[in-house]
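In: Take this sequence and fold it.
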Amino acid sequence: MQIPEYYNPVARDIALALIAGFDKHYRLFRECSQSAKTRFDQADWQGIQKTIRDRIQFYDQRVSETVELLHRDFHAELLDNEIWQQAKLYYIGLLCNHKQPELAETFFNSVFTRILHRDYFNNDFIFLRPAISTEYIESNPPSYRSYYPASQGLQQTLRQIVADFGWTRPFANLRRDLALVLRTVNHYLEGKVPRREANLQIQVLSSAFYRNKTAYLFGKVINGYASYPFAVPVLHDAAGKLFLDTILLEPWRIGVLFSFSHAYFLVDMEVPSGYVQFLRSMLPTKSKAELYTMIGLQKQGKNIFYRDFIQHLQHSNDLFMIAPGIRGLVMLVFTLPSFPYVFKLIKDVFGSTKELDRTTVRAKYRLVKRHDRVGRMADTLEFSNVGFPKARFTEELLQELRSLAPSMIEETEHTIIIHHLYIERRMKPLNLYLQSATPEEREQAVIEYGNAIKELATANIFPGDMLFKNFGVTRYGRVIFYDYDEIEYMTDCQFRRIPAAPTPEMEMSGEVWYPVARNDVFPEEFGTFLLGDAEVRKIFLQHHRDLLDPAFWQDKQRRVREGNIEDFYPYPEEMRFANRYPSRFML
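Out: Take a look at the predicted model:
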């Protein structure tokens, strides 16, 4: 791209309109995030969930507004290539001292790709690679605060860390909680490192992370060359006072908080890249794409994910293939063995037992995107018009695409373009996992399966199709639901007990003798199609027999309708201080 001797005033005005559209978006984004602290102080749990749901729509709304403005005021679809190139160069100049340049570049791409054909999706017109570095952007206040226990002692330093978050609610017993934090840390580090308290530095991200009914503190302890990450969840007790619930010290456990199966955090950040850099220093196995997504900047996460995917394609040679497992009636699923994700598109024709259409299926996926996933539903990345190298597809996959989803693909000599696509983290289907699991693994997986259903019900989600093939097992052994075409709100279902048959002959006939409406659910039937394996049945009935009783589901419905929001812990119950040190919590 050649740098012009002067900027066309139209190009300049387009760049200014684009940056104004982005700045409006991020201002509203931060206002949402800043409101989380007030809502946490007020115990406004419904408000926090609503804020997370509403915020998801902000980005697309601002993009649509900016696209409309460019069409209306500049006839953007008629502008020549030189004006667009100049607009991009002028825009880069506007980002030199910007606090969120990487997000603004993605916003530029989002607007541009709504206006022009994909033939223009190259480095001359959009940001295929970052143009502005985010390494040394100053923030006010700084992204993290530093504390030095040598100056005032470790106990007082920890008290100051908590105080600096500025919550207005009092703590029930902060002295007790901090003592338990130190006791847990000392036990964790015992024998691992020499204690050199005089040289300790503690770095803590300046803003708390809010989700559901919890505020999280994230930080790390630096001791010489060693660095130890930590996360501390802060909750309300029954009396409305605050307490520290536990401290997480293992990086993989902290990483679970940023799992794709949880809702996005609300966190106030002037310089989001600073937060992502800090989190990556704590969690080196987490990609930038995952971290940007989980702090609520899904479009940035999606943009980085796609860049990583393209790079992976360039440095691998395996083939896209149909995903292993039982093939679904609604979604065509394929995978690339060397890449830890699956690709899903909606078929043109569904199985005969599915009374759905494409619009309904997409609405189900939007429901999951906006809902609290409580660690039990897989998040999805949604893409349009994605180009794949045709030579990387197996012939079997190509035939499936041509026969089952012809309207969803565009085929050229070298490329397969998929018009609409969902991408999810790959898991092992539960039905396949159970086939190869040890007895201990099988028992744990069945327990996890029942726990997943119960937690989803508590969050007002009925999975609909509860077959094992629709659930996956993560690398940490957690069971996650990932097939959404029959998902429903609990409050939209009618959970019924099967009425007694009028005659023994009718009961033995195999035909129903009672009317069944569309959203009627009969939990007593679950065992018939779920528990054919005797060993699985025994484990399930031992731990989750209540799932076969309509009373369980009706009680969950009642609590949801009353506005109850339950507590969900993305760490084992036994790690909570109240369970680990029960004597310290006795009245």
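In: can you pull the contacts of the residue nearest to residue 305 when sequence neighbours are not counted?
Out: Distances taken as Cβ to Cβ, 6 or more residues apart in numbering place residue 289 nearest to residue 305, at 4.0 Å, with adjacent residues excluded. (Each C-beta comes from the backbone N, C-alpha and C, glycine too.) Counting by Cβ atoms under 8 Å, 6 or more residues apart in numbering, residue 289 touches 301, 302, 304, 305, 308.
In: Then residue 179?
Out: Going by Cβ under 8 Å, 6+ apart, residue 179 touches residue 155.
In: gap between residue 61 and residue 67?
Out: Noted for residue 61: a distance of 11 Å to residue 67, by Cβ to Cβ, to the nearest Å.
In: scratch that, residue 518
Out: Counting by Cβ to Cβ, the gap from residue 518 to residue 67 is 39 Å.
In: Between those two, which has more neighbouring residues?
Out: Using other Cβ atoms under 10 Å, the more surrounded residue of residue 518 and residue 67 is residue 67, with 18 against 8.
In: Return the residues in contact with that one.
Out: 76, 111, 114, 115.
In: what does residue 260 give?
Out: By Cβ under 8 Å, 6+ apart, the neighbours of residue 260 are 290, 293, 378, 379, 424, 425.
In: Nearest to residue 71, out of the residues you listed: which one, please.
Out: residue 293 (29.8 Å; Cβ to Cβ).
In: residue ranges of the strands in the stretch 401-550 of the chain, please?
Out: 409-411, 415-425, 428-429, 461-462, 471-473, 479-481, 488-489, 494-495, 520-521 (DSSP state E, counting those that start in this stretch).
In: Rounded mean pLDDT for the fourth one, please.
Out: What that stands for is strand 461-462. The average pLDDT within strand 461-462 is 94.
In: Where is the longest helix in this structure?
Out: Secondary structure of the chain read by DSSP state H shows that its longest helix is helix 9-41.
In: Specify the angle between the helix or strand following that one and helix 9-41 in degrees.
Out: Per DSSP states H and E, the first helix or strand lying C-terminal to helix 9-41 is helix 45-74. Orientation check (axes from the mean of the first three to the mean of the last three Cα atoms, to 10 degrees): helix 45-74 against helix 9-41 gives 170 degrees.
In: Please tell me how far helix 45-74 is from the chain's geometric centre.
Out: Taking Cα atoms, centre = their mean, to the nearest Å, one finds helix 45-74 lying 19 Å from the centre of the chain it belongs to.
In: next one: stretch 141-160
Out: Distance, centroid of stretch 141-160 to centroid of chain: 31 Å (Cα atoms, centre = their mean).
In: For it, buried residues please.
Out: 143, 144, 145, 147, 149, 154, 157, 158, 159 (16 or more other Cβ atoms under 10 Å).
In: for the last one, what are its contacts?
Out: The neighbours of residue 159, taking Cβ under 8 Å, 6+ apart as the test, are 174, 178.
In: can we see that at 6 Å?
Out: Contacts for residue 159 (Cβ atoms under 6 Å, 6 or more residues apart in numbering) come out as none.
In: for the fourth one, same thing?
Out: Applying Cβ under 6 Å, 6+ apart, we find residue 147 in contact with 157, 202.
In: Apply 10 Å and report the result again.
Out: Contact analysis of residue 147 by Cβ atoms under 10 Å, 6 or more residues apart in numbering lists 154, 156-158, 160-161, 164, 200-204, 219, 221.
In: is it true that residue 44 touches residue 212?
Out: No: using Cβ atoms under 10 Å, residue 44 is not in contact with residue 212; the gap is 11.9 Å.
In: Pick out whichever of these two has more residues nearby.
Out: Taking neighbours as other Cβ under 10 Å, residue 44 and residue 212 compare with residue 212 leading, 21 against 15.
In: Just want the phi and psi numbers for the more buried one.
Out: Note on residue 212: backbone dihedrals following degrees, to the nearest 10 are phi 60, psi -120.
In: My guess is it contacts residue 45. True?
Out: Yes: if you go by Cβ under 10 Å, residue 212 and residue 45 touch, sitting 7.0 Å apart.
In: Need the overlap of contacts for the two.
Out: Common neighbours of residue 212 and residue 45, using Cβ under 10 Å, 6+ apart, are 565, 566, 567.
In: quick one: the second one and residue 456 touch, right?
Out: In other words, residue 566. No: at 11.4 Å, residue 566 does not count as touching residue 456 under the criterion of Cβ under 10 Å.
In: Comparing those two, which shows the higher neighbour count?
Out: Set residue 566 next to residue 456 and count neighbours by other Cβ under 10 Å: residue 456 wins out with 23 against 14.
In: Right, I'll call it a day here.
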